[in-house]
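Asks: would you be able to build a 3D model of this:
(2 chains)
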Amino acid sequence: EPEVTQTPSHQVTQMGQEVILRCVPISNHLYFYWYRQILGQKVEFLVSFYNNEISEKSEIFDDQFSVERPDGSNFTLKIRSTKLEDSAMYFCASSGLAGVYTGELFFGEGSRLTVL
Amino acid sequence: AQKITQTQPGMFVQEKEAVTLDCTYDTSDQSYGLFWYKQPSSGEMIFLIYQGSYDEQNATEGRYSLNFQKARKSANLVISASQLGDSAMYFCAMIPNSGYSTLTFGKGTMLLVSP
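Replies: Here you go, the predicted structure:
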């Protein structure tokens, strides 16, 4: 069964460093998302991406964050200068056209970011 | 803006029994989608079930059913015949019918299934 894959599974970084989280969505999906979950808290939407541009973003997704689809398969989230409060599990998700309306997003297993 | 409320931080159930996880929502949208995700200890998010606001019948997927009461704005998840592998965090979530799946999640309910 096709799945969303994320790398790395866990990254530890120093405050102020740049981090890139990578995702390979399901190959025929068109919509891509990043969510994050701070430990013990609910999952929060960061950004959605369609047709090579951001379609929607939350207040969390400030100028320190950027997303890119550098080639036909990868979807990346970059945090330019990490802060302690960026420590969280970051989930990539993708959906096909039907999933946009049904909410059937396929999530990756997450990348845990720890900022020291 | 949408809001999801899950009032049960944790639930215990014995194996083979049924359990109901509560979810209420608030939205001004006329059309929306409601669903549940499961997050086991390994961390991944697993889609369980979807209910559209205009669906007249409650959604069912195997042992999962969604008890949708539109007037009460509730979308409770019912798990029948609980299994040990059902132990996990369960998140209720919703989307507006805006064309992009920007999910709003509740805080989750931890379900523990005992033998």
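Asks: what is the neighbour count of the closest residue to residue B:115 other than its chain neighbours?
Replies: Closest residue to residue B:115 in three dimensions, ignoring its sequence neighbours and counting by C-beta to C-beta, 6 or more residues apart in numbering or on different chains: residue B:15, at 5.4 Å. Every C-beta, even on glycine, is put in place using the N, C-alpha and C of the backbone. Residue B:15 has 12 neighbours, counted by other C-beta atoms under 10 Å in any protein chain shown.
Asks: so what's residue B:15 up against?
Replies: B:82-84, B:113-115 (C-beta atoms under 8 Å, 6 or more residues apart in numbering or on different chains).
Asks: do residue A:33 as well
Replies: Contacts for residue A:33 (C-beta under 8 Å, 6+ apart) come out as A:45-49, A:92-95, A:105, B:101-102.
Asks: and what of residue A:45?
Replies: Contacts of residue A:45 by C-beta under 8 Å, 6+ apart are A:33, A:35, A:58, B:102-104.
Asks: any quick PyMOL command for the buried ones out of the contacts of residue A:33?
Replies: The following PyMOL line selects those of the contacts of residue A:33 that are buried, judged by 16 or more other C-beta atoms under 10 Å in any protein chain shown:
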select buried, (chain A and resi 45+46+47+48+49+92+93+94+95+105) or (chain B and resi 101+102)
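Asks: surely residue B:16 is in contact with residue B:81?
Replies: Yes. Counting by C-beta atoms under 8 Å, residue B:16 does reach residue B:81; the two are 5.5 Å apart.
Asks: around chain A, pick out the residues from chain B.
Replies: Counting by C-beta under 8 Å from any C-beta of the partner chain, the residues of chain B close to chain A are B:33, B:35, B:37, B:42-47, B:50, B:52, B:91, B:93-95, B:97, B:99-108.
Asks: closest residue of chain B to chain A?
Replies: residue B:45 (3.8 Å; C-beta to the nearest C-beta).
Asks: for the residue nearest to that residue when sequence neighbours are not counted, grab the count of nearby residues.
Replies: The shortest distance from residue B:45 to any non-neighbouring residue, by C-beta to C-beta, 6+ apart, is to residue A:107 (3.8 Å). A count of neighbours around residue A:107, defined by other C-beta under 10 Å, yields 22.
Asks: and residue A:107, how far from residue B:26?
Replies: 25 Å (C-beta to C-beta, to the nearest Å).
Asks: could you do residue A:93 as well?
Replies: Applying C-beta to C-beta, the value for residue A:93 to residue B:26 is 24 Å.
Asks: next, residue A:84: phi, psi?
Replies: phi -60, psi -40 (degrees, to the nearest 10).
Asks: count of neighbours near it?
Replies: Neighbour count of residue A:84, defined by other C-beta under 10 Å: 9.
Asks: name the nearest residue to it, ignoring sequence neighbours.
Replies: Leaving aside its sequence neighbours, residue A:84 sits nearest to residue A:115 (C-beta to C-beta, 6+ apart; 5.3 Å).
Asks: now swap in residue A:15 and tell me
Replies: Leaving aside its chain neighbours, residue A:15 sits nearest to residue A:115 (5.5 Å; criterion: C-beta to C-beta, 6+ apart).
Asks: that's all I had, so thanks and see you.
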